[in-house]
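J.: A predicted structure for the sequence below; I have some questions about it.
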Protein chains: 2
Amino acid sequence: MLQTRIDDHAPTSRESMREAQEIFYKHLKRVGLKHTDQRDTILRTFLETRDHLSTDELFRLVRKKDSKIGFTTVYRTLKLLAECGLASAVPFPDGMARYEHQFNRRNHHHMVCTECDASVEFFSPEVNKLEEEIGRKYHFDATRHNFQIYGVCEDCRKKSRRAI
Amino acid sequence: MLQTRIDDHAPTSRESMREAQEIFYKHLKRVGLKHTDQRDTILRTFLETRDHLSTDELFRLVRKKDSKIGFTTVYRTLKLLAECGLASAVPFPDGMARYEHQFNRRNHHHMVCTECDASVEFFSPEVNKLEEEIGRKYHFDATRHNFQIYGVCEDCRKKSRRAI
DNA sequence: ATGAAAATGAAATTCATTTTCATTTGGCAT
DNA sequence: ATGCCAAATGAAAATGAATTTCATTTTCAT
């Protein structure tokens, strides 16, 4: 999925990477699972991205680093990452399961163009305030939210104007 | 999907129903499609709901009214309804395609319990303001949005406290 | 080093979604 | 009203993403 960023974050730094790995391996230990090279490679690959990746998209990236890693392993590792909060599923209207990594990236949202599927990230602290307020009001212990705005981007608007 | 409502809207009124039907049939005419009893039944059934229905769930409801209507027809009609804006897809984390009708029901949002999947509707005019502002800022022609808060509901919190 | 438990990955399975196709139906033209 | 034909229908088949199975390999505590 095409994606633009309006902010200018550097890719996950080496130290953050290590920190995330630690979270992952603590989780593995806690539930009695093992440390493997494949899981290492998959986590690293995932942290290097900033998109909403389908399992297959991540698999393709992983394969570039180690062509022997299978789809199934990527699929299962992504679930583990979601379990320990490093990844989270982003429901998109195309129905395919997409994940994005959550390490040091909370509180951003997406604007999706319904013509070309391009998406733009934006940050809005107000949304976080709302989450909190509404949780309190309805006695929910709110942990996260999902906010997407759909519309038509400038490019597509121009294109369709030209087409008339 | 279990669902609670915190507001107290009456089900779609007879007049609104007729209005929605008119929108639907104008759309059909516009794209050269025909008026059928099946489509009528499916639209009516859909408008009577207030949940996020999967195609299969709507099919089951429709079947109660006319057992001869097939799944495929419900599936296709739901797409038509989405085309003319009477239905819209709500992406949920379970990945199944779910629709809710949009007739006189814009601007509501959902809080979803991650334990029991129950959902509660809430209304927040602030979110609409945000949609507008952000659209303007990033030159998107914003048409709709999707806002869901995930958390643990009061009941599940009580249950898990008891379990300890 | 050894062995039990877990991981891996290819292949098979499941299941929602979508398409195909033979038949029926709606609605315009006559 | 009747005929025509494009569209609709629905059963069945196809598709494709997600998940499970299972034989083999690897990890790691001892």
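T.: Structure's in. What do you need? Small disclaimer: the values here were computed from a predicted structure and weren't measured.

J.: In the longest helix along chain A, which residues are buried?
T.: In chain A, taking DSSP state H as the definition, the longest helix is helix A:14-30. Buried positions in helix A:14-30, judged by neighbour count with 16 or more other C-beta atoms under 10 Å in any protein chain shown: A:Met17, A:Ala20, A:Gln21, A:Ile23, A:Phe24, A:Tyr25, A:His27, A:Leu28. Just so you know, the C-beta spots here come from the backbone N, C-alpha and C atoms, and that holds for glycine as well.

J.: Tell me the one among the residues you listed nearest to DNA strand C.
T.: Among the buried residues of helix A:14-30, A:Leu28 lies closest to DNA strand C (C-beta to the nearest atom of the strand), at 6.6 Å.

J.: just the buried residues of helix A:14-30 that are near DNA strand C?
T.: A:Leu28 (C-beta under 7 Å from any atom of the strand).

J.: residue closest to the middle of chain A?
T.: A:Glu100 (0.9 Å; C-alpha atoms, centre = their mean).

J.: Pop out the phi and psi values for that residue.
T.: The phi/psi pair for A:Glu100 (degrees, to the nearest 10) reads phi -130, psi 150.

J.: Can you name the residues that contact it?
T.: With contact taken as C-beta atoms under 8 Å, 6 or more residues apart in numbering or on different chains, A:Glu100 is in contact with A:Thr49, A:Arg50, A:Asp51, A:His52, A:Leu53, A:Ala87, A:Ser88, A:Val90.

J.: Show the pLDDT at it.
T.: If you check A:Glu100, the pLDDT there is 90.

J.: Report whether the lengthiest strand in chain A contacts chain B.
T.: Counting by DSSP state E, the longest strand found in chain A is strand A:141-152. Yes - between strand A:141-152 and chain B, judged by C-beta under 8 Å from any C-beta of the partner chain, the touching residues are A:Asp141, A:Ala142, A:Thr143, A:Arg144, A:His145, A:Asn146, A:Phe147, A:Gln148, A:Ile149, A:Tyr150, A:Gly151, A:Val152.

J.: ChimeraX command for the buried members of the residues you listed?
T.: Buried residues within the residues of strand A:141-152 next to chain B, by 16+ other C-beta under 10 Å, are selected in ChimeraX with:
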select /A:141,142,145,146,147,148,149,150,151,152
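
J.: Now compare the residues of strand A:141-152 next to chain B and name the two farthest from each other.
T.: Spatially, the most separated pair among the residues of strand A:141-152 next to chain B is A:Asp141 and A:Val152, at 36.7 Å (C-beta to C-beta).

J.: Domain boundaries for chain A, per the record?
T.: Domains of chain A are assigned by automatic domain parsing as A:10-105, A:106-164.

J.: rank those domains by pLDDT, which is bottom?
T.: For those, mean pLDDT drops lowest on domain A:106-164, to a mean of 85.

J.: Where does chain A get nearest to DNA strand C, which residue?
T.: Using C-beta to the nearest atom of the strand, the single residue of chain A nearest to DNA strand C is A:Gly70, 2.4 Å away.
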